[in-house]
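S.K.: Provide a 3D model corresponding to the input given below.
(chains A and B)
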Amino acid sequence: MLKVDSDVCIGCGACEESCPFGAISVEDGCAVVGDNCTLCGTCVDECEVEALHIEGGGRTIGMDIEAWSGIWVFIESRHGVIADVSFELLGIGRKLADDRDVALCAVLLGKDLHNSCDSLIAGGADIVYLVDDSALGQYREDVYGRILEHLIREYKPEVVLAGATAIGRSVIPQVATALGAGLTADCTQLAIRKEDGMLLQTRPAFGGNIMATIECPRSRPQMATVRAKVMAPLEPDTSRNGEIISVAMEKELFDSAVEVLETVQAETDQVNIQEVEVLVAGGRGLENEKGFAIIRELADELNGALAASRAAVDAGWVSYPHQVGQTGKTVCPKLYIACGISGAIQHAVGMQSAETIVAINRDEEAPIFDIATYGVVGDLFEVVPALTKKIREARK
Amino acid sequence: MEIIVCVKQVPDTKDVRLDPKTNTMSREGVESIMNPFDRHALEEAVRLKEKHGGSVRALSMGPPQAAEVLREAIACGADEGVLVSDRAFAGADTWATSYTLVKAIETIGDADLILCGKQAIDGDTAQVGPGMASRMGRPYVTCVQKTREVEPDHIVVERMMDDGYDVVRLPLPALLTVVKDINEPRIPSLKGKIRAKKAEIKTLCAADIGAEEQYIGLAGSPTQVVKVFSPEPRGNREIFSGSVDEQVEQLVACLKPFI
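M.R.: Below you'll find the model as predicted:
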């Protein structure tokens, strides 16, 4: 509960200005808290007379934090292949483990995956916990969740990371809830706080084009999911040494109520935008599907692919595989041209590590210009065709 | 078939505008809507009811204003709306939220099937559905794009994966989270809207559902926000000037390596 000390409050409005959610305002010379307050604490920090306090923060349930040690990465495999995101997480996991001076462990569940363990050690793991069983051949929510939960209770890692993939986003929340553990989804940054070794999880926070850094002060493990292409894998080093531990578990733990009757892999003639060097992206500024034809021409001229913001996909102008952003794909191409995209943080986190960013927008205040290498303030319906034409001429 | 659909009232994020000077959100004129994924969950529930009989109850945790989406749910075919609301729920993360919703279900009576949208468009975590299933000890599947078969004791659904989909069979009672591909929600009928207007939305507070203080709201949340900040502007930020042609000329000069 955010409490306002009305005797102390001077009605200066600093809180109102600082609130990212518009949840506090000054009425009759005193701050009043609205229903949509998320208790983020920004206004408490801003108040110069200390009139604001958050009461009842943090859980009082005790847990022996010190007993939990080690950084874990849940390794995802599908059809016998380890997902790239798992290696990316071993990359950041290695750094966290080194900062904490603890072991980095890869946790691999599946069938016939003994041969994959070496690549995990080469990718940075000190230990691979392998649970190999035919019951784990296909992802099933209950058995994967139960096995992971058991392993965590047994070995007590302080941090568990997983890819924010279809499987990760399905199983990790189940495990976190069962363990009473805090879980932060879609982190864009992970770091260890020097003072106390706590994992700091940073992600875009809804509304206000802001980032939030989150911690789990009283629960273990500290869990986080990360999308593909956000973190970087290590260069594989086959000279690295590590231990492979095959964990034996009671038969009953592998029971499952879920049956996979069929697996259908999509036929995609669709280009994977995460693997293309040049992307031309369109957003709400395109106004309709025809706007995308203009973008497509530019993309073709540069031998690139089409991308889009969530707004464009939600409007039905282009399909979801093209979506870049927090709920789409993360890309880091050599060139990203954003047309009619405002650059709100939920989009920016999906493309901000592109080498060169070009922004074309008629609103000079659009946040996209803050992260652009080059910007053109203008009507994209004029600028983009002109650009396409000039490039075509330059090629000749 | 008894079905409970969990719905959330969210700001229409596509209308959220930014004040570039203060980097804060302007909520003026921003509509509150039913979370789009939940709308699809509700539609699926109503279709199942129409096919197999039974009832659909809509449940939401939110401020008093959230009763609006429960009325909307009734207009779209739900039989009943239940709001669980209490100041003490403020600041809840997904762990505390799933706790609260499950306590509410224990109070109002369980269902064969619980349907949730895959994620809320404000939090985007997709964590509450699986969290609820974990607490209730019931089988669940996320990202359901189609229900193929529904029998009294089991269901067969298509679960979307990153590279396609799996066809999955699970027993009832179960919980499903659904994606937008699953159906095309209907427009509420006039009859539905009248029903919704007249309906009484049952409202339950923390005490009504026997929720323990230590597990709800901010106090019950294992994740805590340390700080909130605006990202630093980065990048060259070289903005061209002149006519369209002049600007394009300068831009093309900078993009030489790509041409």
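
S.K.: burial count for the closest residue to residue A:355 other than its chain neighbours?
M.R.: Distance criterion CB to CB, 6 or more residues apart in numbering or on different chains; nearest residue to residue A:355, sequence neighbours excluded, is residue A:334 at 4.8 Å. C-beta: built from backbone N, CA, C; applies to glycine. Counted with other CB atoms under 10 Å in any protein chain shown, residues neighbouring residue A:334 total 14.

S.K.: could you list every residue that touches residue A:334?
M.R.: Under the criterion of CB atoms under 8 Å, 6 or more residues apart in numbering or on different chains, the neighbours of residue A:334 are A:277-278, A:354-356, B:258.

S.K.: what's the farthest-apart pair in these?
M.R.: Every pair in those was compared (CB to CB); the two farthest apart turn out to be A:354 and B:258, at 12.1 Å.

S.K.: can you list residues touching both of those two?
M.R.: Common neighbours of residue A:354 and residue B:258 (CB under 8 Å, 6+ apart) are A:334-335.

S.K.: what's the burial count for the residue nearest to residue B:117 when sequence neighbours are not counted?
M.R.: Across the structure, with CB to CB, 6+ apart as the measure, the residue nearest residue B:117 apart from its sequence neighbours is residue B:37 (2.6 Å). Each residue near residue B:37 was counted by other CB under 10 Å, and the total is 24.

S.K.: Which one's more surrounded, residue A:354 and residue B:258?
M.R.: Regarding residue A:354 and residue B:258, a neighbour count based on other CB under 10 Å identifies residue A:354 as having more, with 25 against 17.

S.K.: what sits against residue B:251?
M.R.: Residues near residue B:251 by CB under 8 Å, 6+ apart: A:358, A:374, A:376, A:387, B:240.

S.K.: What helix or strand is it located in?
M.R.: When elements are defined using DSSP states H and E, residue B:251 is found to belong to helix B:244-254.

S.K.: and the residue nearest to residue A:355, how far is that from residue B:56?
M.R.: When CB to CB, to the nearest Å is applied, the distance between residue A:334 and residue B:56 equals 51 Å.

S.K.: So, low pLDDT: which residues of the stretch 101-250 of chain A?
M.R.: Low-confidence segments of the stretch 101-250 of chain A, defined by pLDDT under 70: A:206-209.

S.K.: all strands of it, in order?
M.R.: Counting by DSSP state E, counting those that start in this stretch, the segments of the stretch 101-250 of chain A that form strands are A:104-110, A:127-132, A:159-163, A:183-184, A:189-192, A:199-205, A:210-215, A:222-226, A:243-246.

S.K.: Please enumerate the helices of chain A.
M.R.: Secondary structure of chain A by DSSP state H: the helices cover A:14-18, A:42-46, A:84-100, A:117-122, A:141-155, A:166-179, A:289-301, A:310-314, A:345-351, A:368-371, A:380-395.

S.K.: and those as JSON lines, adding distance to residue B:244 and mean neighbour count?
M.R.: Formatted as JSON lines, the entries for the helices of chain A read as follows, by distance: least, CB to CB, whole Å; neighbours: other CB atoms under 10 Å in any protein chain shown:
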{"stretch": "helix A:14-18", "distance to residue B:244": "37", "mean neighbour count": "19"}
{"stretch": "helix A:42-46", "distance to residue B:244": "41", "mean neighbour count": "19"}
{"stretch": "helix A:84-100", "distance to residue B:244": "41", "mean neighbour count": "22"}
{"stretch": "helix A:117-122", "distance to residue B:244": "51", "mean neighbour count": "21"}
{"stretch": "helix A:141-155", "distance to residue B:244": "54", "mean neighbour count": "20"}
{"stretch": "helix A:166-179", "distance to residue B:244": "44", "mean neighbour count": "25"}
{"stretch": "helix A:289-301", "distance to residue B:244": "14", "mean neighbour count": "18"}
{"stretch": "helix A:310-314", "distance to residue B:244": "23", "mean neighbour count": "22"}
{"stretch": "helix A:345-351", "distance to residue B:244": "25", "mean neighbour count": "25"}
{"stretch": "helix A:368-371", "distance to residue B:244": "17", "mean neighbour count": "24"}
{"stretch": "helix A:380-395", "distance to residue B:244": "5", "mean neighbour count": "18"}
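
S.K.: Show me the one of those that comes nearest residue A:198.
M.R.: Among the helices of chain A, the nearest to residue A:198 by CB to CB is helix A:84-100 (10.1 Å).

S.K.: Without its sequence neighbours, what residue ends up closest to residue 47?
M.R.: Unless you meant another one, I'm taking chain A. In space, not counting the residues next to it along the chain, residue A:47 is nearest to residue A:15; the distance is 5.8 Å by CB to CB, 6+ apart.

S.K.: that answer is for a different chain, and I need it for chain B
M.R.: With sequence-adjacent residues excluded and distances taken as CB to CB, 6+ apart, residue B:47 is closest to residue B:183, at 6.8 Å.

S.K.: what's in contact with the top strand by length along chain B?
M.R.: Longest strand in chain B by number of residues, with DSSP state E as the criterion: strand B:140-150. Strand B:140-150 is touched from outside by A:141, A:166, A:169-170, A:174, A:258, B:1, B:44, B:48, B:51-52, B:118, B:126, B:129-130, B:133, B:155-161, B:165, B:167-168, B:170, B:174-179, B:181-182, with contacts defined as CB under 8 Å, 6+ apart.

S.K.: number of nearby residues for residue 72?
M.R.: Since no chain was named, I'll use chain A. Counted with other CB under 10 Å, the neighbours of residue A:72 add up to 29.

S.K.: Switch to chain B, please.
M.R.: Other residues within reach of residue B:72 by the criterion other CB under 10 Å amount to 22.

S.K.: Contacts only, for it.
M.R.: For residue B:72, the residues meeting the contact criterion (CB under 8 Å, 6+ apart) are B:34, B:188, B:196.

S.K.: now the stretch 51-200 of chain B, which segments are flagged as low pLDDT?
M.R.: For the stretch 51-200 of chain B, no stretch is flagged by pLDDT under 70.
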